[in-house]
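Undergrad: With the sequence up front, the predicted model follows.
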Amino acid sequence: MKNKYTVGSLYAGVGGICLGFENAGFKLEWANEFDKKACVTYRNNFEHKLIEGDVMQLDVKKLNKIDILTAGFPCQPFSLAGHRKGFKDSRGNHFFKILDFIDEMRPKVVFLENVKNLKGHDKGNTMKVIQREIKKRNYTFDSAILNTKDFGNIPHNRERIFMIAFDKDFVKKGFKFNFPKKEELTQKVTDLIIKEKVDKKFYYTEDKYMYNTLKESVVREDRIYQFRRHYVRENKKEVCPTLTANMGTGGHNVPIITTEFGFRKLTPRECFRFQGFPDSYKLPKISNSSLYKQAGNSVSMPVIERLASEIFKCIEKIEAKQLKAEKV
């Protein structure tokens, strides 16, 4: 039976984790997001309770208890772009707020997502702290780094670490979560590119100073290119390079393609496609820079859906065993 397990989502962003869990059959109970523009996009696509504001100010006791707690907690303290300050950065302290939620709500499952650099941050000490604190609360702890191109059938080179913990009182002894297996990448870059002519503002015209460089370098329609300081880089693996939040800062941060209509940037819709969002996912009428930032900050939804489906199966199996034991 679908929708019988409830989810509460912290740091919900535009709802990539929420959509993945919803598609896997979970019921979204509530979500929290701080960024006002991300909240606009979120509300465009979900009807359940969204608490807009700082998670650090949330009163855990006032929220409905849930079966699954998800948190794609701030990655800047652990990313290269954020200079890897980790728990010394005030944003790193958000992990300890997540622990408050675990203590108060005792969810069956805790689902955490972050940048892959978290694993090696501070010579592995940061990860040790996370693992220790979760295990200390009588939870299992399993983690894996998954790449969107290998686990989401989306041609996007995006590695993220996923940490999944089950309440030991719920799963009993000997339980281990099995991450999904790699799957063949069948979608191509060209499958996600809009075939028609798009708005002229996305195109590079001949009067742009980089036009000649683009003409020399951007030659294949099945590849995605990136501006570097003095040249244009071709991504030879026929996948999209990792989309980042700094696409929203303008300049040449948005990847480039060529089509029969000329050289252009990826559109926000295409960036959301490379994160696995369906076209039915509604993008609001806000600035493109905000939409680029949101796409870069988001998770790859199909990877979440696969993980959520595995979690759903685990919970069902455990509950079926418990029911059987009760009948004996």
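TA: Sure thing, it's come through. Numbers count the residues shown, from 1 in each chain.
Undergrad: Return, as residue ranges, the portions of the protein with sub-threshold pLDDT.
TA: 1-2, 75-92, 229, 250-251, 328 (pLDDT under 70).
Undergrad: Spell out, range by range, the helices that occur in it.
TA: 16-23, 36-43, 94-105, 125-136, 148-151, 168-171, 189-192, 211-217, 268-273, 288-297, 301-327 (DSSP state H).
Undergrad: What is the second one packed up against?
TA: In terms of contact count using 3 or more Cβ pairs under 8 Å, 6 or more residues apart in numbering; DSSP states H and E, helix 36-43 is assigned the packing partners strand 27-33, strand 49-52, helix 288-297. Bear in mind the C-beta positions are built from the backbone N, C-alpha and C, glycine included.
Undergrad: follow-up on the earlier one: to Glu113, which of the helices of the chain lies closest?
TA: helix 16-23 (6.8 Å; Cβ to Cβ).
Undergrad: which secondary structure elements does that closest one contact?
TA: Checked by 3+ Cβ pairs under 8 Å, 6+ apart, helix 16-23 has strand 6-10, strand 27-33, strand 68-71, helix 301-327 packed alongside it.
Undergrad: same thing but 10 Å
TA: strand 6-10, strand 27-33, strand 68-71, strand 109-115, helix 288-297, helix 301-327 (3 or more Cβ pairs under 10 Å, 6 or more residues apart in numbering; DSSP states H and E).
Undergrad: before we move on, the earlier item: with respect to His94, which of the helices and strands packed on helix 36-43 lies nearest?
TA: strand 27-33 (11.3 Å).
Undergrad: Which strands border that closest one, and is each parallel or antiparallel?
TA: strand 6-10 (parallel), strand 49-52 (parallel) (DSSP bridges).
Undergrad: Would you reformat these as TSV and include distance to Cys314 and mean neighbour count?
TA: TSV is the format used below for these (distance: least, Cβ to Cβ, whole Å; neighbours: other Cβ atoms under 10 Å):
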stretch	distance to Cys314	mean neighbour count
strand 6-10	15	24
strand 49-52	26	17
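Undergrad: want to try CSV for the ones you listed, with distance to Tyr231 as columns?
TA: Compiled in CSV, the strands paired with strand 27-33 are given as follows (distance: least, Cβ to Cβ, whole Å):
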stretch, distance to Tyr231
strand 6-10, 41
strand 49-52, 42
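Undergrad: Which one, of those, ends up nearest to Thr41?
TA: Closest among those, using Cβ to Cβ: strand 49-52, at 10.7 Å.
Undergrad: mind putting the helices of the chain in JSON lines, mean neighbour count included?
TA: Rendered in JSON lines, the data for the helices of the chain read as follows (neighbours: other Cβ atoms under 10 Å):
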{"stretch": "helix 16-23", "mean neighbour count": "25"}
{"stretch": "helix 36-43", "mean neighbour count": "19"}
{"stretch": "helix 94-105", "mean neighbour count": "17"}
{"stretch": "helix 125-136", "mean neighbour count": "16"}
{"stretch": "helix 148-151", "mean neighbour count": "22"}
{"stretch": "helix 168-171", "mean neighbour count": "16"}
{"stretch": "helix 189-192", "mean neighbour count": "17"}
{"stretch": "helix 211-217", "mean neighbour count": "14"}
{"stretch": "helix 268-273", "mean neighbour count": "23"}
{"stretch": "helix 288-297", "mean neighbour count": "22"}
{"stretch": "helix 301-327", "mean neighbour count": "17"}
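Undergrad: Nearest to Ile256, out of the ones you listed?
TA: helix 211-217 (7.0 Å).
Undergrad: do you know which of the strands paired with strand 27-33 lies nearest Thr70?
TA: strand 6-10 (4.7 Å).
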